[in-house]
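Q: predicted coordinates and the sequence they were generated for:
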Amino acid sequence: MLTTLTIFTLQPGANVARWALAQMATAPPQLRRVAGLRFFQLLGSGADNGFGFWPNLQRYGLLATWARAEDAAAFFASHPVWAAYTQRSRETWTAELAPLQAHGAWNGTNPFAESLVAPGG
């Protein structure tokens, strides 16, 4: 399994900001059908260095766990949902993660349990 965290900053403009906010509700049904995508969470951010009360409508994230690295690569290379985000973004950044610990559940599941890396491994 592979875990990725992608942060993207949208191009300025009210139309893009409205589009991105709407994607928080309209993208999940499409993402649920992505081959190899085992878990995902779309992430918003706050103003004032990411933690303010008011939302930052220009910066979002996608946390995902994948069955295989090839599934993630195929999604980021050519999936229409991701293409729509990149078309409207001025920058994107993706990190491949190796979870060391996982506690609790997110939406009723622990998305990292199967991909935990043993210390020193």
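A: Good, I have the coordinates.

Q: now do the same for V34: helix, strand or coil?
A: Following DSSP: H, G, I helix; E, B strand; the rest coil, V34 is assigned to coil.

Q: my read: it touches H79, true?
A: Yes: between V34 and H79 there is a contact at 6.3 Å, judged by CB atoms under 8 Å. For every residue, glycine as well, the C-beta is placed using N, CA and C.

Q: which one's the longest strand in this protein?
A: strand 55-66 (DSSP state E).

Q: tell me the strands beside it, with direction?
A: strand 2-10 (antiparallel), strand 37-46 (antiparallel) (DSSP bridges).

Q: next, the buried residues of it.
A: By 16 or more other CB atoms under 10 Å, the buried positions in strand 55-66 come out as 56-60, 62-66.

Q: convert the C-alpha atoms of that strand to PDB, please.
A: Written as PDB, here are the backbone C-alpha positions of strand 55-66 (Å, rounded to 0.1, in the frame of the first residue of the first chain):
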ATOM      1  CA  PRO A  55     -11.300  29.000   5.500                       C
ATOM      2  CA  ASN A  56      -8.500  29.500   2.900                       C
ATOM      3  CA  LEU A  57     -10.500  29.000  -0.300                       C
ATOM      4  CA  GLN A  58      -7.200  28.800  -2.400                       C
ATOM      5  CA  ARG A  59      -5.500  25.800  -0.700                       C
ATOM      6  CA  TYR A  60      -6.800  22.300  -0.400                       C
ATOM      7  CA  GLY A  61      -5.400  18.800   0.100                       C
ATOM      8  CA  LEU A  62      -6.000  15.200  -0.800                       C
ATOM      9  CA  LEU A  63      -5.000  12.500   1.600                       C
ATOM     10  CA  ALA A  64      -5.200   9.000   0.000                       C
ATOM     11  CA  THR A  65      -4.200   5.400   0.500                       C
ATOM     12  CA  TRP A  66      -3.600   3.300  -2.600                       C
END
